[in-house]
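Participant: quick check, what structure comes out for this input:
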Amino acid sequence: MLTQTCAVPSGVCKVWSLPVSAKISVAGVTATFLSPLAIFDNQTFSGLGLQRRAGPDFLDLQGNSAFTSYDLTGDLAPKEVFFKKARALGQFNCAHGCVMTNRGLLAVITVQNVRFTASRIHSGQ
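Facilitator: Just a heads-up that it's a prediction; the model follows:
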């Protein structure tokens, strides 16, 4: 577990973070991330997302109560995170480090109606 200083009375956020392999699917087109990413769960703010391993967050999702207790140790069934209006994502641009997929650089302007699923890949060992 990684703890960070943040704006809460205790001064410490409860944040879990692990390196991951990830895919993204938009309108039936799926791409595998080639840039090194990590998944994080910020239990203090009920937020979960992906971050560049050598830089800032890549995608932040908030608003699902499952994120207040998820500790990245097991599967997480699909969680819908809906935003009433499409949200702009400044962190998707190359100013923070381009994100490469097997289909090229990923460029996203807005997000809406996100479904997040986490599952551990077991090596069988």
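
Participant: which residues does the spatially most central residue of the chain contact?
Facilitator: Geometric centre of the chain, nearest residue: Gly49, 1.9 Å, by CA atoms, centre = their mean. Gly49 is in contact with Ile39, Phe40, Asp57, Phe58, Leu59, Asp60, Leu61, counting by CB atoms under 8 Å, 6 or more residues apart in numbering. In short, each C-beta sits where N, CA and C put it, glycine included.

Participant: quickly find the element holding it.
Facilitator: Taking DSSP states H and E as the definition, one finds Gly49 inside strand 47-52.

Participant: chain center to that strand, what's the gap?
Facilitator: Averaging C-alpha positions (CA atoms, centre = their mean, to the nearest Å) puts strand 47-52 3 Å from its chain's average.

Participant: after that strand comes which helix or strand?
Facilitator: strand 57-62.

Participant: now do that following strand, average pLDDT.
Facilitator: On average, the pLDDT along strand 57-62 is 79.

Participant: sorry, back to before: in the sheet, who's paired with the residue nearest to the centre of the chain?
Facilitator: Applying DSSP bridges to Gly49 gives these bridge partners: Phe40, Asp60.

Participant: give me the buried positions along stretch 110-118.
Facilitator: Across stretch 110-118, burial judged by 16 or more other CB atoms under 10 Å covers Val111, Phe116, Ala118.

Participant: distance-wise, check the last one relative to Gly97.
Facilitator: Going from Ala118 to Gly97 by CB to CB, to the nearest Å gives 23 Å.

Participant: swap in the second one?
Facilitator: With the distance defined as CB to CB, Phe116 ends up 22 Å from Gly97.

Participant: try the first one
Facilitator: Distance of Val111 to Gly97, given as CB to CB: 19 Å.
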